[in-house]
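J.: Make a model of this:
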Amino acid sequence: MNFPAWRPAGARKRVTARLVEAGLAVVLVLCGPGVLAATPSPEYQLKASYLYHFTKFIRWPQGALPAGGGDFNLCVVGNDPFGKAIDAIAGKPAWDNTIRVSRHADASSAKSCHMVFIKVGGGSAQQAAIAELKRSGVLLIGEGDRFIEQGGILRFVTIQDKIRFEISESAAMAANLEVGAKLLSVAIRKE
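T.: Now for the predicted structure:
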């Protein structure tokens with residue numbers, strides 16, 4: 001930057017310092033907590049991938065999915081820990097349908113979902129969400145300590161720094177979902 005000859009050298013340093021500060025402020029605003037929070041953790045990037053792959057190893061009951069290329073509704077109920085990672089699944093195939101991702105503040109607005117990830121906190125809020133969504137043709141997935149005991153079907157767990165999942169075969173059968181042998185062979189079975 002050329003400064004007029006009449007400016008003293010100290011003024012040039014102050015202007016340069018202010019420009020550096022302004023540039024740094026812009027970077028901090030663009031990369032601050034809001035943007036960083038929108039970037040999913042590697043844990044949830046992997047869990048989003050699991051959600052997609054679950055669609056390949058579970059068979060939904062006759063009539064639960066739309067015939068001839070409709071939407072397969074993958075829903076997140078409560079807090080969305082996935083961010084953009086789950087949006088990458090949208091548009092991919094699930095049986096003869098296309099995955100559509102939606103987010104819902106509570107279970108009452110997620111009635112048309114085929115697969116639901118529930119993250120509403122533990123205890124009674126989680127139990128109420130499971131009870132409201134528990135029906136034929138809905139795969140309920142969560143993380144809470146008592147998720148399976150409260151009626152959920154699949155629960156993510158971390159064992160020795162590896163993400164695994166538990167499955168309740170009886171809950172899957174009650175929802176008329178047929179779980180493939182390959183998925184069962186890698187799952188932790190719960191009843």
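J.: Going by C-alpha atoms from here, please, whenever you check contacts or count neighbours.
T.: OK.
J.: Show the subsequent helix or strand relative to the helix or strand where L74 lies.
T.: Using DSSP states H and E, the element containing L74 is strand 71-78. Note on strand 71-78: by DSSP H and E, the next helix or strand toward the C-terminus is helix 84-87.
J.: distance between the helix or strand just after that next one and the chain's centre?
T.: Downstream of helix 84-87, the first helix or strand assigned by DSSP H and E is strand 93-94. Here the centre of strand 93-94 is set off from its chain's centre by 17 Å, with Cα atoms, centre = their mean, to the nearest Å.
J.: what packs against strand 93-94?
T.: Other helices and strands packing on strand 93-94, by 3 or more Cα pairs under 8 Å, 6 or more residues apart in numbering; DSSP states H and E, are absent; none qualifies.
J.: Mind listing residues that contact it?
T.: Residues outside strand 93-94 that contact it (Cα atoms under 8 Å, 6 or more residues apart in numbering): T55, K56, F72, I99.
J.: Nearest to G123 among the residues you listed?
T.: Closest approach between the contacts of strand 93-94 and G123, by Cα to Cα: T55, at 27.6 Å.
J.: Quick one: the strands in this protein, in order.
T.: Counting by DSSP state E, the chain has strands at residues 58-59, 71-78, 93-94, 97-104, 115-119, 139-142, 154-159, 162-168, 178-179, 188-190.
J.: coming back round to it: buried only: go through the contacts of strand 93-94 for me.
T.: Among these, those that count as buried by neighbour count (16 or more other Cα atoms under 10 Å) are T55, F72, I99.
J.: residues touching the second one, list them.
T.: Residues near F72 by Cα under 8 Å, 6+ apart: L65, P66, A94, N97, T98, I99, R100, C113, H114.
J.: Return the distance of G151 relative to A131.
T.: 7 Å (Cα to Cα, to the nearest Å).
J.: more neighbours, these two?
T.: G151 (19 against 14; other Cα atoms under 10 Å).
J.: Wait, the more buried one touches A129, no?
T.: No - counting by Cα atoms under 8 Å, A129 is not a contact partner of G151; they are 10.1 Å apart.
J.: burial of D87, as a residue count?
T.: D87 has 14 neighbouring residues, counting by other Cα under 10 Å.
J.: what's the lowest-pLDDT member of the contacts of F72?
T.: Lowest pLDDT among those: P66, with 89.
J.: doesn't W95 make contact with that residue?
T.: No - using Cα under 8 Å, P66 is not in contact with W95; the gap is 10.2 Å.
J.: can you list the contacts of F72 in CSV and add distance to R146?
T.: Below are the contacts of F72 laid out as CSV (distance: Cα to Cα, whole Å):
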residue, distance to R146
L65, 28
P66, 32
A94, 28
N97, 32
T98, 31
I99, 28
R100, 28
C113, 22
H114, 22
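J.: Thanks a lot, catch you later.
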